Each structure stands twice: as C-alpha cells, then as structure tokens.
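Undergrad: Dropping the sequence and predicted coords here.
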2 protein chains.
Amino acid sequence: MVKSKFSISLHIMTLLAYYPGEWHSSAIIAESLNINPVLVRKELKALKSGGLVESKEGKNGGVRLGKSAKNISLADIFEAIKGDSHVLNLSNNLPDVNCKIGSQINEKLLSIFDNVDNAIVDILKIQTLEKFKNQF
Amino acid sequence: MVKSKFSISLHIMTLLAYYPGEWHSSAIIAESLNINPVLVRKELKALKSGGLVESKEGKNGGVRLGKSAKNISLADIFEAIKGDSHVLNLSNNLPDVNCKIGSQINEKLLSIFDNVDNAIVDILKIQTLEKFKNQF
DNA sequence: AATACTGTAATTTTTTTAATTACAGTACAA
DNA sequence: TTGTACTGTAATTAAAAAAATTACAGTATT
C-alpha cells in the first residue's frame, strides 16, 4: 500500500517543513491528517530510517525534520516509504506454471515494476520539500 | 485498484498476442492467471473500450486482440485500465480543513499524481506488446 | 434445440488497511 | 521523586476493498 502511504507521509513532511525546528507530537499531526496517531507513528518509522525526520521521546517530545527541507526531494520521501515494495503489484494468485506465459509472467512484470518505480523517482526528484511547502 | 489490474491485463494481453487471431474464452484465460473468469471478463471490459481487444459472443466466442501487437504499447494497456484513477492515492479520510496544510494538501497531491501517472505512461510507451510477448 | 460462450448484477468470502487498545520506556518539570 | 506527556510497538478489532462465487439473460454456432 505504497499508494496512500506517500500521501500521508508527504502531508506529515509538509507540516514539519512548514513549522521548522518545532517538535510535533503524533497526536497533533494526526489531527491535521484526520487519522489515528498510531498510524502516524508507524509512517514516521520509515521516514526516520531514511534520516528525513528525527524524533525525541518523553514529555515535550515529538518529531521534526532531520535535515533542511531544501535538501529533501519528494523522491526521498517516496523512496523512504516505498522500501522493497513496488507501486504496481502482481496478482495475489500464482499463475499456472504449466502455461508458457503464466510460468514466466511474474519475473517480466517485476522488471517492469522496477522501471516504473525508477520513473517515479526521477519525476519526483525535480521538486524539493521546501518548494512544495511554499505552495501553502 | 490500478496496481494489480495492470498485471492482470498485461498477462491477458500477452496471452492474446502469443496466439494471435485465436478466440480465447474467459475460462481459458482465467486458468493461466489462476483467477476467476468473471474477473477476467471485467478486466476485458476496460481493454475493449480502449479498442485493444475485441470480443465475440455466443458459442466458440471469446476475445482476441483488436489490433496488431506491434501497434500496442504497454502504455496503451496502462491507460486503458487506469481510467480516471491514479496509481497513487489520497488518504481515505478528509484532512482537517482548519489546518493550513490539511485544507490544501489534497489538491497539491492530485497534481503530483498526474505527474506520476504521466511519467509511468512515458516509460511504458517505450515497449510494444509485440516485443514484450517475444520474451516468452 | 442443445451448447458454449459473453456480459453483468448481486451476494458472499477473503484480504487488506486502518483504528483502537494497551502498555513499556523515556524525558521533562513541578 | 512523582506526575505528565510523549515515543515505540504489539496485539486485537473494525472497516473497507478486492476477489470469488452464483446466477442468469442474451447470443452465436452447430
């Protein structure tokens, strides 16, 4: 479910970029997104591992950007939340291995998925988070 | 769910391209994909409206390519199944309209989604169905 | 007239996603 | 040193989405 993860993560990142330096609690962030705070913290996990945000535990803790919004592209966010998954998916069911096409389709599809993901990264590289948040 | 629709549709189209001219029943196609025949017919609906396949009702009916695989790109298939939807999605919940970011994020996201979809189309335009099926 | 298809609607089942609950761990601050 | 307000994460429940199934009208073919 890369699909809505990107939206959620970009929304979070935009908030953090809009109020730089401030620590935001997952509850506050969740309010703007109108989703559950636990889900926010889960999404933040991926963004943290990419170094895009940093968090502070304890009272008055929260999260803020891990580096300047000028140095974060939308592709960075996409890659952080994407992990090993693809934007496109295989069918859940295993194709018929006795079929010439069915037996090989998945490997060919996966190769296309890589190309698609790379194309998305390329197009998202163009825009920085700084530029994106300045639209608001 | 554009994600697995593309895989299902490309699988179908590859089968049809591999045995050109022949009428394939949804049951035969469903066997290779290991999915329900009704779902195959549903996917075919989108491909038909794009002129990519043609169907024949009645006994010995079925579907076959609507034009030469040489004249079909993977982008054509993607666009046919995509319809008005995007590969990326908004969050299901409406963001807080009282928040500066929340009130405007969705329109900005939709603009990105268009760019992403266009990038996918561009990369998929490169390969024809003919070339794709010749890999098998 | 029997057969083998498409096309499509309605329903049920399965899968996925999100929400909720719960709580250990941490830092601040009175 | 204790209450408070956070993160981090696991486990469970609820909701939503996707796929499968059932059903059947309509249509060529033989």
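TA: Yes, it's here. Numbers count the residues shown, from 1 in each chain, chains lettered A, B, ... in the order given.
Undergrad: three-state assignment of the most far-flung residue of chain A relative to its centre?
TA: Distance from the C-alpha centroid of chain A peaks at residue A:98, with 37.9 Å (C-alpha atoms, centre = their mean). With DSSP: H, G, I helix; E, B strand; the rest coil as the basis, residue A:98 sits in coil.
Undergrad: I'd like to check which residues are in contact with the residue nearest the centre of chain A.
TA: Geometric centre of chain A, nearest residue: residue A:81, 3.1 Å, by C-alpha atoms, centre = their mean. Each residue near residue A:81 by C-beta atoms under 8 Å, 6 or more residues apart in numbering or on different chains is listed here: A:2, A:5, A:6, A:9, A:43, A:46, A:47. Bear in mind the C-beta positions are built from the backbone N, C-alpha and C, glycine included.
Undergrad: Out of those residues, the closest to chain B would be?
TA: Nearest to chain B out of the contacts of residue A:81 is residue A:6 (C-beta to the nearest C-beta; 5.5 Å).
Undergrad: Surely that closest one touches residue B:87?
TA: No. With contact defined as C-beta atoms under 8 Å, residue A:6 and residue B:87 do not form a contacting pair (9.9 Å).
Undergrad: same for the top helix by length along chain A, what does it pack against?
TA: Longest among the helix segments of chain A by residue count, using DSSP state H, is helix A:105-125. In terms of contacts (3 or more C-beta pairs under 8 Å, 6 or more residues apart in numbering or on different chains; DSSP states H and E), helix A:105-125 is packed against helix A:74-82, helix B:2-18, helix B:105-125.
Undergrad: Any idea how far the next helix or strand after it is from the middle of the chain?
TA: Next along the chain after helix A:105-125, taking DSSP states H and E as the criterion, comes helix A:129-133. Relative to the centre of its chain, helix A:129-133 is centred 15 Å away, using C-alpha atoms, centre = their mean, to the nearest Å.
Undergrad: Could you pull up the mean pLDDT of the longest helix of chain A?
TA: Per-residue pLDDT values over helix A:105-125 give a mean of 98.
Undergrad: Give me the distance from it to the chain's centre.
TA: That offset, for helix A:105-125, works out to 16 Å (C-alpha atoms, centre = their mean).
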